[in-house]
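>>> structure of the sequence below:
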Amino acid sequence: MSLSMRVGLGQFNELTDDMCQFIKQLGCDDFLMNTPNLPSDTGFWQVDDLAALKAKAEEYELRLMALENVPIPFYLDIMLGRDGRERQLENMVTTVRNMGQVGIPILGYHWIPASVWRTPEPEVLRGGAKATRFHEAEHGDAPLSFDREYAAEQMWDNYCWYLDRILPVAEQAGVRLALHPDDPPVPMLGGVARIFGNFEGFRRALDKYDSPNHGLDFCMGCWSEMGGHENVMKGFDYFVPHGKIIYIHFRDVKGTADRFHECFIDDGQVDTFAVVQRLHELGFDGFMIPDHVPATVGDSPWHHRGRAHCVGFMQALIQVADKLDLKAA
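Numbers count the residues shown, from 1 in each chain. Sure thing, here's the model as predicted:
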């Protein structure tokens, strides 16, 4: 089935009837789940649990496009190159095969064993809304996240060990692997090097593992942190024509990698309409979701109001880009 660029929803871990209704009410057909709350004591996701998610989506005529991020303990030894990675590899192979068996086409993943970092005390935005922030200088005395430091080339070697083994499985299973950037994209945090925080890092990974089943979860916010609007456009210009952007996290920030805060999607440093126009021109036919959104007054913990604002904004951008293209034709 041929689809065009479109808006979906994501970043939740429970697929309830209310959530399915909300997705549909916002005019979306696609969604992803982030670290879904599934039984995980075996160290992998089981067929019956995955099939139940797929069936729930289909009950509401929705498409479950991706599962984003397995629990970090599923592959922590793999990322750090420790004893136990062979066993974890077996479990990840099982997870990917099980996803393929039930027809969930994308597994989003990251290479961030020390997790996403943010600085305490949120940034206050317009009207008192609050958003996350990061100020690297305030983390100068942070302890090591693990037993020692892990250098960049060691993290790269561990990455290659994993991709050498998991990508052929994904190809056989019909599952696409989508790599998320380091967040924040600074060289090291907690003594662990972050190797996917610039254009060259992504190109290195996708050149080495050049497969239709390997691409990017393009987090526009992280790319904005790396270099603002021009860096975002550079990423799209290079990776979309190569077919390497699988889906997009549509968010933005103000600032740079070492000091930034998140913001409303209409108030960042990226020209979002120019982005959507460029994606349209390049023929991007994937989906994009709101990612982190500010906390607004009276909103739910998942930020239903903030996400609805972002979805409507994104849908309007796509409609205008489509109409301008038709008018030009």
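
>>> quick check: which ranges of this structure have low pLDDT?
The model of the chain has pLDDT under 70 over residues 1-2, 326-329.

>>> what about the helices in it?
17-25, 47-59, 76-80, 85-102, 152-173, 199-208, 220-239, 272-282, 304-328 (DSSP state H).

>>> of those, which is nearest His292?
For His292, the closest of these is helix 220-239, at 7.0 Å, according to CB to CB. C-beta here means a position set from N, CA and C on the backbone, and glycine is covered the same way.

>>> contact partners for the nearest residue to Glu123 once chain neighbours are set aside?
Nearest residue to Glu123, sequence neighbours excluded (CB to CB, 6 or more residues apart in numbering): His261, at 3.7 Å. Residues near His261 by CB atoms under 8 Å, 6 or more residues apart in numbering: Pro122, Glu123, Ala131, Thr132, Arg133, Phe134, Val253, Lys254, Gly255.

>>> recalculate using a threshold of 7 Å.
Glu123, Ala131, Thr132, Arg133, Val253, Lys254, Gly255 (CB atoms under 7 Å, 6 or more residues apart in numbering).

>>> and what of Leu67?
Leu32, Met33, Pro36, Met99, Ile104, Leu107.

>>> in stretch 10-18, what counts as buried?
Gly10, Gln11, Phe12, Leu15 (16 or more other CB atoms under 10 Å).

>>> ends of that stretch, what's the gap?
Counting by CA to CA, to the nearest Å, you get 14 Å between the two ends of stretch 10-18.

>>> for stretch 81-89, same thing?
End-to-end span of stretch 81-89 (CA to CA): 11 Å.

>>> thinking again about what came up before, kindly state the beta-bridge partners for the residue nearest to Glu123.
Arg133, Lys254 (DSSP bridges).

>>> now render the contacts of His261 as a markdown table, adding distance to Asp157.
Shown next, in a markdown table, are the contacts of His261 (distance: CB to CB, whole Å):
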| residue | distance to Asp157 |
| --- | --- |
| Glu123 | 37 |
| Ala131 | 36 |
| Thr132 | 32 |
| Arg133 | 33 |
| Val253 | 31 |
| Lys254 | 36 |
| Gly255 | 32 |
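
>>> can I get the contacts of Leu67 in TSV including neighbour count and distance to Gly191?
Listed next are the contacts of Leu67 as TSV, based on neighbours: other CB atoms under 10 Å; distance: CB to CB, whole Å:
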residue	neighbour count	distance to Gly191
Leu32	26	31
Met33	25	31
Pro36	21	30
Met99	23	32
Ile104	26	34
Leu107	26	27
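
>>> farthest pair in the buried residues of stretch 10-18?
Gln11 and Leu15 (12.6 Å).

>>> backbone dihedrals for the closest residue to Glu149 other than its chain neighbours, please?
Counting by CB to CB, 6+ apart, Gly191 is the residue found nearest to Glu149 once chain neighbours are left out, at 4.1 Å. When read as degrees, to the nearest 10, the backbone of Gly191 gives phi 80, psi 10.

>>> so what would you say the end-to-end distance of stretch 30-43 is?
Using CA to CA, first and last residues of stretch 30-43 are 27 Å apart.

>>> got the buried residues for it?
For stretch 30-43, burial by neighbour count (16+ other CB under 10 Å) applies to Asp30, Phe31, Leu32, Met33, Thr35, Pro36, Leu38, Ser40, Gly43.

>>> since that was my last question, I'll sign off now.
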